[in-house]
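*Asks:* What follows is a predicted structure for the sequence shown.
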Amino acid sequence: MNITSEKILVVDFGSKNAQLYARRVREQNVFCQMVGHEVTVEQIQQFNPVGLIFTDNPLNNTISDAVRQLGLPILEGMELTDTGTVQLSKFLKDTCKCSCTWTMEQFAQNAIEEIRQQVGTGRVVCGLSGGVDSSVVAALIYKAIGDRLSCIFVDTGLMRKNEAESVIKTFSQQFKTDLHALEAEELFLSKLAGVEDPQQKRKIIGHVFIDCFAQEAKKLGDAQFLAQGTIYPDIIESGIPGCKAKVIKHHHNVGGLPEDMKFELVEPLKDLFKDEVRQLGLVLGLPEEMVWRQPFPGPGLGVRCLGELTKAKLDTLREADAIVREELEKSGWARKTSQTFAVLLPVNSVGVKDGERTYENAVAIRSVNTTDFMTATWTHFPYEVLETMSDRIIAEVPGVNRVVYDISKKPSATIEWE
Ligand code: XMP
């Protein structure tokens, strides 16, 4: 049986918690998808759900009578608290007769089958960034089609400490994919030489990345498919049935591929929320540190090393950032912050080391808590955690004599400094 055949539809009436309803259903091991309240009877029939859940109702329930008369069980007024869990469980098991057996292991098996059907005897290209989504996509597709998957990894020289090595090791040794790792640090740094403006830096990094990726992908002339790490929130943001489409979100990784490169997309994560992608990664055997990676911007350390980029500055930042992340783990705070990193500031200040006057760089520590990355507060670390980070950076990273902690909210500050 197709495991997604036992499906619930969450009908969104404009609730700001709409995704939470869907998450609650999935936590009870039942697959569900979301639709808007303008969904038609025909659309519902195509989904073929075993029940409907209406979200809280700021729009004053405008669903058509025809939908109500479909004869499907409907849950309305569901609480999003502990009471709601019991109520939901009863609805799923007793009313909809769900078996509640939707698990990540089964999802993986099912997805592998679907990838095989879509790709047939063809070949797939997958761009690896080191991030969670592209890593999970690659691992999943590798399990489905083995060496007919080619991965492209562009080492921009803007990765964090040991990151490139970890990606290469995982995808050439643990998953023996046909990995094309491009050593492009010099190319990136030469194109970025002398550039200080943040927008300009981002643009150059984006263009050079696309050029490298396209050039390598062209060498794999016979690949018809491109794997993408699109996840369910991307789909929801782009517009679900029965809901007026919002701004279409383009996945930044392939947005700029040349016109003549036509690929059919393979998007096996398009039904999963972020934490489900992480669970899937663990099921597939990816290393914990890869699965739990915090979001990392496409332009990498390029936007955390302020002003002009040089290899020396990037190396300094890599060391400081590695210490911040190491102490974050050790202190037990790693899963309690949304994003934590170091920034190399373009200022020198006076200090004293071993009785000598120094005039060296300052590093800022940035750590935020957020659910949507649109707004964020700064992490209230215990002083001891900050103290250890600061002491170690000043003692261990040559060229740094001062550490500051960024206590700016978003808005008005952004999470990244550039
Ligand atoms: P800001 O700095 O805008 O960041 O508050 C919000 C979130 O987005 C990440 N970010 C990026 N991610 N490409 C990306 O893939 C980018 O150019 C980029 N810029 C920022 C940032 O790390 C944070 O999680």
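*Replies:* Thanks, I have it. Residues are numbered from 1 along each chain as shown.

*Asks:* From here on, just use CA atoms for contacts and neighbour counts.
*Replies:* OK.

*Asks:* Tell me the confidence at the closest residue to the ligand within the stretch 101-250 of the chain?
*Replies:* When distances are taken as CA to the nearest ligand atom, the stretch 101-250 of the chain reaches nearest to the ligand at Arg202, 6.9 Å away. Arg202 is assigned a pLDDT of 96 by the prediction.

*Asks:* swap in the one 4 residues further on?
*Replies:* Confidence per residue is given as pLDDT, and for Gly206 that number is 95.

*Asks:* do Leu9 as well
*Replies:* Model confidence at Leu9 (pLDDT) stands at 96.

*Asks:* likewise Gln19?
*Replies:* According to the predicted model, the pLDDT of Gln19 comes to 89.

*Asks:* okay, now it: neighbour count?
*Replies:* 18 (other CA atoms under 10 Å).

*Asks:* Let me know the secondary structure of it.
*Replies:* Using DSSP: H, G, I helix; E, B strand; the rest coil as the criterion, the local structure at Gln19 reads helix.

*Asks:* what's the distance between the one helix or strand Gln106 maps to and the middle of its chain?
*Replies:* Using DSSP states H and E, the element containing Gln106 is helix 104-119. Mean-position distance between helix 104-119 and its chain equals 21 Å (CA atoms, centre = their mean, to the nearest Å).

*Asks:* where does the protein come near the ligand, residue by residue?
*Replies:* Pro295, Phe296, Pro297, Gly298, Pro299, Phe373, Thr414, Ile415, Glu416 (CA under 6 Å from any ligand atom).

*Asks:* Would you mind giving me the confidence score for the fifth one?
*Replies:* Right, Pro299. Predicted confidence (pLDDT) for Pro299: 95.

*Asks:* sorry, back to before: mark which of the residues of the chain next to the ligand are buried, thanks.
*Replies:* In these, burial by neighbour count holds for Phe296, Gly298, Pro299, Ile415, counting by 16 or more other CA atoms under 10 Å.

*Asks:* Same list (those) but as JSON lines, adding distance to Thr379 and secondary structure.
*Replies:* As requested, these are arranged in JSON lines below (distance: CA to CA, whole Å; DSSP: H, G, I helix; E, B strand; the rest coil):
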{"residue": "Phe296", "distance to Thr379": "18", "secondary structure": "coil"}
{"residue": "Gly298", "distance to Thr379": "23", "secondary structure": "coil"}
{"residue": "Pro299", "distance to Thr379": "24", "secondary structure": "coil"}
{"residue": "Ile415", "distance to Thr379": "12", "secondary structure": "coil"}
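
*Asks:* I'd assumed Gly300 was in contact with the residue of the stretch 101-250 of the chain closest to the ligand.
*Replies:* No. Using CA atoms under 8 Å as the test, Arg202 is too far from Gly300 to be in contact (9.6 Å).

*Asks:* low-confidence ranges in this protein?
*Replies:* Screening the chain residue by residue with the criterion pLDDT under 70, one finds the ranges 1-4, 58-62, 245-255.
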